[in-house]
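Student: Give me a model of this one.
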Amino acid sequence: YHYKVSGAADGKQIDITVPKVNEWDTTLNILNDTFIYANVFAADEFTKVYISFDKGKWTEMTKYEGISPNVLKQYRLQSEGRYDSMKISKFPK
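Tutor: Below you'll find the predicted structure:
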């Protein structure tokens with residue numbers, strides 16, 4: 001089974017989000033938290049994801065059942081008329 005992300009390269013199987021504070025455009029700063037998110041596409045309840053910093057020990061990540069932070073960011077920007085949804089879907093009016 002091979003999952004294909006609509007509008008993305010064949011090899012795109014994960015989306016990683018890290019905290020980012022922007023000083024010149026603070027629109028999305030309200031969505032920041034202190035977590036790193038790894039959205040593994042087509043994962044199931046048995047999928048395990050690990051993270052390592054600076055070639056250190058690998059640590060298992062905790063499963064998050066919420067909405068992807070990148071989806072929340074796109075929704076926020078679309079709501080303000082600033083983002084046209086990667087040309088694959090339109091924000092409902």
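Student: Report the secondary structure state of the residue positioned nearest the centre of the chain.
Tutor: With distances taken as CA atoms, centre = their mean, N70 lies nearest the centre of the chain, 3.9 Å away. Recorded secondary structure, N70: helix (DSSP: H, G, I helix; E, B strand; the rest coil).
Student: Quick check, it in contact with I14.
Tutor: No: here N70 lies out of contact with I14, judged by CB atoms under 8 Å, at a distance of 11.5 Å. Every C-beta, even on glycine, is put in place using the N, C-alpha and C of the backbone.
Student: shared neighbours of the two, anything?
Tutor: N39 (CB atoms under 8 Å, 6 or more residues apart in numbering).
Student: quick one: the residue nearest to the centre of the chain and T59, what's the gap?
Tutor: 22 Å (CB to CB, to the nearest Å).
Student: now stretch 50-63: mean pLDDT?
Tutor: When pLDDT is averaged along stretch 50-63, the result is 95.
Student: And the contacts of it?
Tutor: For stretch 50-63, contacts defined as CB under 8 Å, 6+ apart pick out I36, A38, E45, K48, V49.
Student: 10 Å instead?
Tutor: The contact list for stretch 50-63 (CB atoms under 10 Å, 6 or more residues apart in numbering) reads I16, F35, I36, Y37, A38, V40, A43, E45, T47, K48, V49.
Student: Also stretch 33-44?
Tutor: Counting by CB under 10 Å, 6+ apart, residues outside stretch 33-44 touching it are 1-5, 8, 12-19, 47-51, 53, 61-64, 66-71.
Student: And these, which of them are buried?
Tutor: Among the contacts of stretch 33-44, the ones that count as buried by 16 or more other CB atoms under 10 Å are V5, Q13, D15, T17, P69.
Student: closest to L28 among the residues you listed?
Tutor: Closest approach between the buried ones among the contacts of stretch 33-44 and L28, by CB to CB: P69, at 9.5 Å.
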